[in-house]
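*Asks:* Fold the following for me, if possible:
(2 chains)
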Amino acid sequence: MNAAAQISAGRGVFLLGVFLAIAPALSYFAQLELGWIFMPWHIPILTTLGVGLMLMGLLRRFGIVRALVFGLFVVVCGGMWFTMLVASKTPEYAGPAKAGNAFPAFSAQRADGQPLTQLDLARGDAHVIVFYRGHW
Amino acid sequence: MAELGQLHRSHAEFEKRKVRIVAVSNDDLESAKATQERFPQLVIVSDPEQTLAKSADVIQKGAGKSGEDTNAPTTFLVDGSGRVRWLFRPDNFLVRPSPAQVLAAIDEHLPK
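*Replies:* This next block holds a predicted model:
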């Protein structure tokens, strides 16, 4: 194998791995834009595949830059699996607003400045009350 | 926010069933006003002191962006007498009920 061929050995598969590891960020953005709020398993799976391809490229030819990029994506990939499997877990609901119970008493303010209490929920119309994590 | 967008796009189906959608976050009033402008068919509630969230016991400790306590995503269906008929709490905050799921719950749990 000549010098040029040695340098480029595994480059294609390594770059494909980098692309696969980066692509989930774009696909997750698209998922949210489309309003599909399901578990984004494609993120860690594609990143893991990407890391695997990077490892193949690294084994074909070792280089400091490749090793650093590979190491970086291993950490990113680990972080993604940790987020999906551990950090994003929510506990089972154990509060007082269970099916069959009256919604608990509260006093809050609507964005239009009007007050809102549990009495407003008992004036005939049904309500879906969505607690969400805010504008971020 | 994606959840609110989905609900907002489906608001006609909720109106047909005479159900109003109230969305509650810990955002301050200014942020809540901006959200209200974006989703005019929903009722946006500003709950920065977490008064409502604490009443309903939906606070998840340390789950906010900077480690603060914040709302665990939770959806309640409350009938016209103020009684809870259904609730949805995903086991992961990356998941939300779809409008179709909420509408199905309305059709199943509220009197016709």
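
*Asks:* helix/strand/coil for A:Trp81?
*Replies:* helix (DSSP: H, G, I helix; E, B strand; the rest coil).

*Asks:* That one contacts A:Ile45, correct?
*Replies:* No. With contact defined as Cβ atoms under 8 Å, A:Trp81 does not count as touching A:Ile45 (9.6 Å). C-beta: built from backbone N, CA, C; applies to glycine.

*Asks:* residues of stretch A:59-70 that come out buried?
*Replies:* For stretch A:59-70, burial by neighbour count (16 or more other Cβ atoms under 10 Å in any protein chain shown) applies to A:60-61, A:63, A:66, A:69-70.

*Asks:* Helix or strand next in line after the longest helix belonging to chain A, which one?
*Replies:* The helix that spans the most residues within chain A, counting by DSSP state H, is helix A:11-33. The helix or strand immediately downstream of helix A:11-33 is helix A:42-60, counting by DSSP states H and E.

*Asks:* what's that following helix packed up against?
*Replies:* Using 3 or more Cβ pairs under 8 Å, 6 or more residues apart in numbering or on different chains; DSSP states H and E as the contact test, the elements touching helix A:42-60 are helix A:11-33, helix A:64-82.

*Asks:* so where does B:Glu13 fall, helix or strand?
*Replies:* Applying DSSP H and E, one finds B:Glu13 within helix B:11-16.

*Asks:* Does that helix reach chain A?
*Replies:* Yes. Contact of helix B:11-16 with chain A (Cβ under 8 Å from any Cβ of the partner chain) involves B:Phe14.

*Asks:* What's the first helix or strand after that helix?
*Replies:* Using DSSP H and E, the helix or strand that directly follows helix B:11-16 along the chain is strand B:19-25.

*Asks:* got the contact list for that next one?
*Replies:* In this structure, residues lying in contact with strand B:19-25 by Cβ atoms under 8 Å, 6 or more residues apart in numbering or on different chains are A:108, A:116, A:125-135, B:4, B:7, B:11, B:14, B:31-32, B:35, B:39, B:41-47, B:52-53, B:71, B:77, B:106, B:110.

*Asks:* Then stretch A:14-31?
*Replies:* In this structure, residues lying in contact with stretch A:14-31 by Cβ under 8 Å, 6+ apart are A:40, A:42-44, A:46-47, A:49-58, A:60, A:66, A:69, A:73, A:76-77, A:80.
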